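1. Got a sequence here, can you build the structure:
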Amino acid sequence: MEVKDTKLEEYEEKYMAMDMKMVVKDSTGDGEFEPLAEGVYECEYIGTVERTNKDGNKYLGHKWEEVETGQWIFENSSYVVSEKSKLFDIFKACGVKIAVGEEVNLAQLVGKKCNLYLTIDGKYNRIKTRMPVKKGKGASSSPNSPDGIGAFLGVVSLI
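-> Purely as a prediction, here's the structure:
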């Protein structure tokens, strides 16, 4: 008679049956993390995780991937979705139109792209501003070109 370990089967079903695609990264470097240079980058929204701080308060952790390099950028937000919240700004920059009183789902953001203006804070990137990806006539060929940064920040490039 065969004895089945139901706990093991539940674990395998929950954790081992994930359809998860990954890209093997080059590990020939020295292992040190280098933040992206300050500038504007086109990034794709990868996903959200719920986190809890040391006081037991819950918040959201957002993960972005820079399109050209594949480097990840992380930011946190509260659960608040109001016109003045970071979460509302993320939806808006990703081109997801939402209105007051509407129910939204964070899954709507996955795979969406926007431009992120990144600064450097110590050894990490910080997101200063989010903006929809500029499309069509007049779009900058490179998000880090002077015209791309100027357009992103709403200033005129004198270069």
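
2. alpha carbons only for contacts and neighbour counts from here, please
-> Will do.

3. Nearest residue to Y45 in space, ignoring adjacent ones along the chain?
-> W64 (4.6 Å; C-alpha to C-alpha, 6 or more residues apart in numbering).

4. which residues does that neighbour contact?
-> Neighbouring residues of W64 by C-alpha atoms under 8 Å, 6 or more residues apart in numbering: C43, E44, Y45, I46, G47, W72, I73, F74.

5. Next, format those residues as JSON lines and append neighbour count.
-> Compiled in JSON lines, the contacts of W64 are given as follows (neighbours: other C-alpha atoms under 10 Å):
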{"residue": "C43", "neighbour count": "26"}
{"residue": "E44", "neighbour count": "23"}
{"residue": "Y45", "neighbour count": "22"}
{"residue": "I46", "neighbour count": "17"}
{"residue": "G47", "neighbour count": "16"}
{"residue": "W72", "neighbour count": "17"}
{"residue": "I73", "neighbour count": "22"}
{"residue": "F74", "neighbour count": "14"}
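
6. Go through those residues and name the one nearest E103.
-> Distance to E103 across the contacts of W64 (C-alpha to C-alpha) is lowest for G47, with 18.2 Å.

7. quick check, the closest one in a helix?
-> No: under DSSP: H, G, I helix; E, B strand; the rest coil, G47 falls outside any helix and is assigned strand.
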